[in-house]
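Visitor: please find the sequence and the predicted model below.
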Amino acid sequence: MSTWVALLLANAFSLTNGGLAGTVWVYLATWICTFALAASLAEMASMAPTSGGQYRRFISFVLEAFDQPLTLQTQIGSLNLHHVRRANFFPTSLAGWPRLDGKHLLLPLVSLRFSLIDKSCANILSVCSVRGWPEAYDMTTDITYNRHTPLQSSSCPWPRSITQNMQCRTGMNNLSPVPPIEMPN
Amino acid sequence: MIGIGIIGTLMNTYGAKHLPILEGIVLIVHIFGFFCIIIPLWVLAPKAPASEVFGTFSDFGGWSSIGAACFVGSITATGSFAGSDAAVHLSEETNDASKSVPRMIIFTIVLNGAMGLVFIITYVSQKQLFKGLNLSKTTSTNMILSSASASPTSKLSSVQKVPFRSWT
């Protein structure tokens, strides 16, 4: 981050719109708001520190009623995560194809095409095609997770809170003591 | 830009082992360059009075109010905080990532925000910069407070076309 360098280079905007005092006070307000933003980001990064984490955290936190339209908003990555897990879509085995209707048929095709572009999601897809979701993906990042329990899809009711949503969707329970690591077969 | 591209290509191709040294050098330049710029400004440059610096809002863009102009001008502050999430992308190569990465994000925001605040106040307080602005189109705090009761659409009449003077 190069805050003061960027301020030196780009202050013509705020000096034109806002003036001297506007530059100072708007900077102060932006600092406070960005600190709140970074605190939220830091908390999520503490829960799941992965490099492609923004898509994973999105699909972990969003309520199920909104994840179809909102997944389209974060187009590239979370399309992959959503449909890999929800529709059981594996590119090599095509395990989930009979369960797909028209809507679900279109989006994995789009996501498969985007995955060729997006490096991290192509990596996720290749991992899933070999070992299955999500145990293999959790295993690859197991060194960064402190707590790890495999996802149990049968014990995932309609989520009633953000915490419960996070627990049942990622299989990670932040509130319980550290369980023993169970390796997938 | 060509030099930055060459340095990036060579360092990532041949010198990836020495990348922490380069990062340290850049950090030293980042910290010491800050003091190298603001200390001459503090010592040598004439200062504008604080009441004018902290109370002079201006609207050269012809927006409907000072508030709208400030929101438009916040692109500078927002852009200067870009990249605070970069530590997340390195979290799989970091020891004890769930503790160190959030600490780095918070520390980055606090340190860079404090440096930027000191720097922007120093920069804005320069008297030459204050002279360079066209003061007839600026609005003091009293004018904002007095115009709060006026009709909000009264300033929408025409877009002001003020040639923005350069300051050096």
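Guide: Sure thing, it's come through.
Visitor: what about the chain, any weak spots by pLDDT?
Guide: Since you didn't name a chain, this refers to chain A. A:52-185 (pLDDT under 70).
Visitor: hm, I was asking about chain B
Guide: Looking at chain B by pLDDT under 70, you get B:129-168.
Visitor: check the separation of the first and last residues in stretch B:50-61.
Guide: Chord length of stretch B:50-61, first to last residue, is 24 Å (CA to CA, to the nearest Å).
Visitor: distance of B:A69 from B:I21?
Guide: From B:A69 across to B:I21, the span is 45 Å (CB to CB, to the nearest Å). Where C-beta positions appear, they are placed from N, C-alpha and C, glycine not excepted.
Visitor: name the residue in the two with the higher neighbour count.
Guide: B:A69 (25 against 10; other CB atoms under 10 Å in any protein chain shown).
Visitor: now do the contacts for that one.
Guide: A:N17, A:G18, A:G19, A:G22, B:F57, B:S58, B:D59, B:G61, B:W63 (CB atoms under 8 Å, 6 or more residues apart in numbering or on different chains).
Visitor: what's the closest non-adjacent residue to the fourth one?
Guide: Put plainly, it is A:G22. B:C70 (4.5 Å; CB to CB, 6 or more residues apart in numbering or on different chains).
Visitor: same thing with the third one?
Guide: Closest residue in space to A:G19, ignoring its immediate chain neighbours: B:S58 at 3.1 Å, by CB to CB, 6+ apart.
Visitor: check the second one too.
Guide: Nearest residue to A:G18, sequence neighbours excluded (CB to CB, 6+ apart): B:G73, at 3.6 Å.
Visitor: pull the number of nearby residues for the one you found.
Guide: Applying other CB under 10 Å, we find 29 residues neighbouring B:G73.
Visitor: out of the contacts of B:A69, which is most surrounded?
Guide: Neighbour-wise, these (other CB under 10 Å) top out at A:G18, 32 neighbours.
Visitor: I'd say that residue and B:G67 touch.
Guide: No: with contact defined as CB atoms under 8 Å, A:G18 and B:G67 do not form a contacting pair (9.4 Å).
Visitor: got the domain boundaries for the chain?
Guide: Since you didn't name a chain, this refers to chain A. Per automatic domain parsing, the domain ranges recorded for chain A read A:3-44, A:51-170.
Visitor: my question was about chain B
Guide: Domain assignment for chain B by automatic domain parsing gives B:1-44, B:47-168.
Visitor: residues contacting the residue nearest to A:G18?
Guide: A:F13, A:S14, A:L15, A:T16, A:N17, A:G18, A:G22, A:T23, A:V26.
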